[in-house]
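K.L.:
below are the sequence and a predicted model; questions follow.
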Amino acid sequence: MAEVTIEPESNIPLQIYLENYNNPSGYIKISNETNEDPFILKIKAEDFQYHLIETVHTSSKKTKDISLLFEDSNSNIQARVNLEEGKSIHRYKMNIAEYLLDGHNSIEIIIISNDNSTNSAAHFVTTIEKKDGKILILQKTLSTKMKK
């Protein structure tokens, strides 16, 4: 899942939320009908905050078996990690108010999941109108589910 949220607050925060993306990267492009050079920001995997949830099933009730997961990534317990119950989450936040000009602003976001075997991408586009200090965001939340 990939979701982009833009809030109509004074600093106009933009947040990217990704579930189960491998080594994500991407771009944010903000262009205005009056400027020739759009703002383009490249987002690398290390720019994202990363969270991981893993579920381990074992018939053993020994805590020692579970602690092996943290000590030895090659242990047999790795085979019992349930990937379908697990979740990796990546988040990226930035404020975009300073990059918006009066008038029609186009926001384009491309997120790439860089898997070992394939690359998948999500492409989001929305419009923000800025006039007399007022902000109108055409679509505040954009989301998609990627097929893995």
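P.N.:
Thanks, I have the structure now. Source: prediction; values computed, not measured.
K.L.:
longest single strand anywhere in this structure?
P.N.:
Identified as the longest strand of the chain according to DSSP state E is strand 81-95.
K.L.:
other residues contacting that strand?
P.N.:
Applying C-beta atoms under 8 Å, 6 or more residues apart in numbering, the contact partners of strand 81-95 are 11-22, 24, 28, 41, 43, 47-57, 69. Heads up, the C-betas are built off the backbone N, CA and C, glycines and all.
K.L.:
mind listing the strands it pairs with, and their directions?
P.N.:
With DSSP bridges as the test, strand 81-95 is paired with strand 13-19 (antiparallel), strand 49-56 (antiparallel).
K.L.:
and these: which comes nearest residue 106?
P.N.:
Closest approach to residue 106 among these (C-beta to C-beta): strand 13-19, 13.4 Å.
K.L.:
after the closest one, which helix or strand is next?
P.N.:
strand 25-32 (DSSP states H and E).
K.L.:
tell me what angle the next helix or strand after that next one forms with strand 13-19.
P.N.:
Counting by DSSP H and E, the next helix or strand C-terminal to strand 25-32 is strand 39-43. With axes from the mean of the first three to the mean of the last three C-alpha atoms, to 10 degrees applied, the angle from strand 39-43 to strand 13-19 works out at 30 degrees.
K.L.:
who's in contact with residue 47?
P.N.:
Taking C-beta under 8 Å, 6+ apart, we find residue 47 in contact with residue 92.
K.L.:
please redo it, this time with the cut-off set to 6 Å
P.N.:
The neighbourhood of residue 47, defined by C-beta atoms under 6 Å, 6 or more residues apart in numbering, contains no residues.
K.L.:
same thing with residue 6?
P.N.:
Neighbouring residues of residue 6 by C-beta under 6 Å, 6+ apart: 14, 137, 140.
K.L.:
as TSV, these with neighbour count, distance to residue 127 and pLDDT would be great.
P.N.:
Below are the contacts of residue 6 laid out as TSV (neighbours: other C-beta atoms under 10 Å; distance: C-beta to C-beta, whole Å; pLDDT from 0 to 100):
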residue	neighbour count	distance to residue 127	pLDDT
14	21	14	97
137	18	8	96
140	12	11	94
